[in-house]
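Colleague: I need the structure of the sequence given here:
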Amino acid sequence: MHPTLVASTAIDSAPSSLLSCLTTPPGLDPFACIEAGHHLSASQLFRENLQGFNAAVARESTTFNIDALLTTCMLLNMLSFAGLPEAGPPTSRWPFVVPAPPSPTSSRPLNWLRIQLGFGPLLAGLSTQMREGSQWLTFFMTLGHEHFYDDRGGTIDIPYAFCAFWGIDQSSNADTHPYLKLVRRLLAILNVWQTVEDAGGGPDRHDEQVLRYFQFMQGVDEAFVTKLEARDIKSLVIYGWFMAILASARHWWCRVRAVREAEGVVRWLDVWCCGDHEVSNVAMGNGSAQLRAEVPPWLPFIAKAVGYELKSGADTRQRVSVNVQ
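Modeller: I've put the predicted structure just below:
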């Protein structure tokens with residue numbers, strides 16, 4: 001109940017009669033207090049249900065109601081994705097601005113993304129422990145998860161341009177290569193995106209595929225998020241393409257975030273490709289001339305998704321083909 005109420009308060013305005021009877025500290029929005037209260041309650045209930053699940057596993061029980069746990073986790077993930085800081089120009093936030101110096105207690109620019117990391121392992125663990133009687137697990141099976149969770153090594157089914165840019169060869173392994181798993185996830189959802197586009201595209205059709213697009217997150221881990229925060233060039237390209245795909249949908253909880261993230265990434269990479277000295281000094285990947293020459297063909301796909309005009313002179317004839325089927 002509480003996560004559902006958080007979601008509803010995040011998109012609707014509370015009645016004035018309700019707000020008028022609340023006592024809130026000066027300067028705070030009473031509507032925001034309602035949302036925060038339900039969010040805290042939802043988090044507490046999630047912890048309690050997770051403890052109950054752990055106890056059931058210890059007893060080797062298979063009767064625990066896992067759908068409530070999955071629903072709460074999905075809603076909390078959705079809300080962290082939808083929760084945005086104050087609007088401002090792209091140059092005022094990550095990846096242009098990173099809080100410094102980092103410390104264990106300081107806010108990190110992609111903490112909201114780290115929250116998303118918990119659902120994949122939870123779903124995987126639940127699917128092996130308590131598959132019976134769960135409507136959610138049955139639903140996720142229909143998404144064709146085995147197609148998205150492609151952990152094959154080597155270059156099979158990966159276009160040459162992707163192999164060349166991310167340094168993937170026949171000896172590459174998904175567990176040790178820094179990009180292979182994510183490239184395969186990206187190609188899987190890109191195939192879905194291209195199928196929708198070939199059928200006429202449009203936000204309604206893409207909205208129907210959002211859960212499939214989010215299967216990309218199964219390949220994201222802490223190491224990738226850390227590389228993003230350090231503005232690793234090749235990680236930024238992967239992330240930008242993922243957000244560009246999400247930007248095709250119009251769901252209230254993902255559209256704004258996807259556009260904002262994609263725009264920020266493509267702007268930053270565009271500036272980096274133009275040779276901005278300040279940006280070049282903070283980029284991982286040593287800012288080599290070779291890498292700087294390899295990035296521009298990857299930018300038009302992201303730029304088109306958010307209506308950004310590239311300044312780095314990326315030749316549209318040299319752009320990477322998105323038709324990877």
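
Colleague: Under the pLDDT cut-off, which ranges of the stretch 1-150 of the chain? List them.
Modeller: Low-confidence segments of the stretch 1-150 of the chain (pLDDT under 70): 1-65, 85-86, 99-107, 119-133, 137, 139-148.

Colleague: Where do the helices of the stretch 201-325 of the chain begin and end?
Modeller: All helices of the stretch 201-325 of the chain, identified by DSSP state H, counting those that start in this stretch, fall at 203-207, 210-213, 222-229, 233-246, 255-273, 277-282, 289-294, 299-306.

Colleague: what's the spacing between residue 230 and residue 80?
Modeller: In this view, residue 230 and residue 80 are 21 Å apart by C-beta to C-beta, to the nearest Å. For glycine as for every other residue, the C-beta is placed from the backbone atoms N, C-alpha and C.

Colleague: what's the burial count for residue 202?
Modeller: 12 (other C-beta atoms under 10 Å).

Colleague: And it, what's its pLDDT?
Modeller: As predicted, residue 202 sits at a pLDDT of 92.

Colleague: can you tell me which residues contact it?
Modeller: Residues counted as contacts of residue 202 (C-beta atoms under 8 Å, 6 or more residues apart in numbering): none.

Colleague: Near residue 294, how many residues? Count them for me, please.
Modeller: 17.

Colleague: Relative to residue 300, how far out is the residue lying closest to it once chain neighbours are set aside?
Modeller: The shortest distance from residue 294 to any non-neighbouring residue, by C-beta to C-beta, 6 or more residues apart in numbering, is to residue 165 (6.0 Å). Using C-beta to C-beta, residue 165 is found at 14 Å from residue 300.

Colleague: ditto for residue 163
Modeller: According to C-beta to C-beta, residue 163 and residue 300 sit 20 Å apart.

Colleague: Buried ones in whatever helix or strand residue 164 lives in, by neighbour count?
Modeller: According to DSSP states H and E, residue 164 maps onto helix 160-166. Going by neighbour count (16 or more other C-beta atoms under 10 Å), the buried part of helix 160-166 is 162, 163, 165, 166.

Colleague: Could you pull up the residues touching residue 221?
Modeller: Neighbours of residue 221 in contact, by C-beta under 8 Å, 6+ apart: residue 117.

Colleague: separation between it and residue 183?
Modeller: The spacing between residue 221 and residue 183, counted by C-beta to C-beta, is 14 Å.

Colleague: Equivalent analysis for residue 268, please.
Modeller: Using C-beta to C-beta, we find residue 268 at a distance of 21 Å from residue 183.

Colleague: can you check residue 66 too?
Modeller: Distance from residue 66 to residue 183, by C-beta to C-beta: 31 Å.

Colleague: Compare the two (neighbour count), which wins?
Modeller: More crowded of residue 66 and residue 183, by other C-beta under 10 Å: residue 66, with 27 against 24.

Colleague: My guess is that one contacts residue 135. True?
Modeller: No - with contact defined as C-beta atoms under 8 Å, residue 66 and residue 135 do not form a contacting pair (9.9 Å).

Colleague: quick revisit: go through the buried residues of helix 160-166 and say which is closest to residue 153.
Modeller: Minimum distance to residue 153 across those is 12.3 Å, recorded for residue 163 (C-beta to C-beta).

Colleague: Let's test this: what are the backbone torsions at the closest residue to the closest one other than its chain neighbours?
Modeller: Spatial nearest neighbour of residue 163, excluding adjacent residues (C-beta to C-beta, 6+ apart): residue 155 at 5.1 Å. The phi/psi pair for residue 155 (degrees, to the nearest 10) reads phi -110, psi 0.

Colleague: so which of the buried residues of helix 160-166 comes closest to residue 193?
Modeller: Nearest to residue 193 among the buried residues of helix 160-166, with distances taken as C-beta to C-beta, is residue 162, at 15.0 Å.

Colleague: The closest one and residue 75, how far apart?
Modeller: The gap separating residue 162 from residue 75 is 34 Å, by C-beta to C-beta.

Colleague: Near residue 93, how many other residues are there?
Modeller: As a burial measure, residue 93 scores 18 neighbours (other C-beta under 10 Å).

Colleague: and residue 154, that one's in a strand?
Modeller: No - the assignment for residue 154, made by DSSP: H, G, I helix; E, B strand; the rest coil, is coil rather than a strand.

Colleague: Stretch 275-288: end-to-end distance?
Modeller: From its first residue to its last, stretch 275-288 covers 10 Å (C-alpha to C-alpha, to the nearest Å).

Colleague: In contact with residue 305, which residues?
Modeller: Shown in contact with residue 305 (C-beta under 8 Å, 6+ apart): 243, 244, 245, 247, 248, 259, 262.

Colleague: again, 10 Å this time
Modeller: Counting by C-beta atoms under 10 Å, 6 or more residues apart in numbering, residue 305 makes contact with 240-241, 243-248, 258-259, 262-263, 266.
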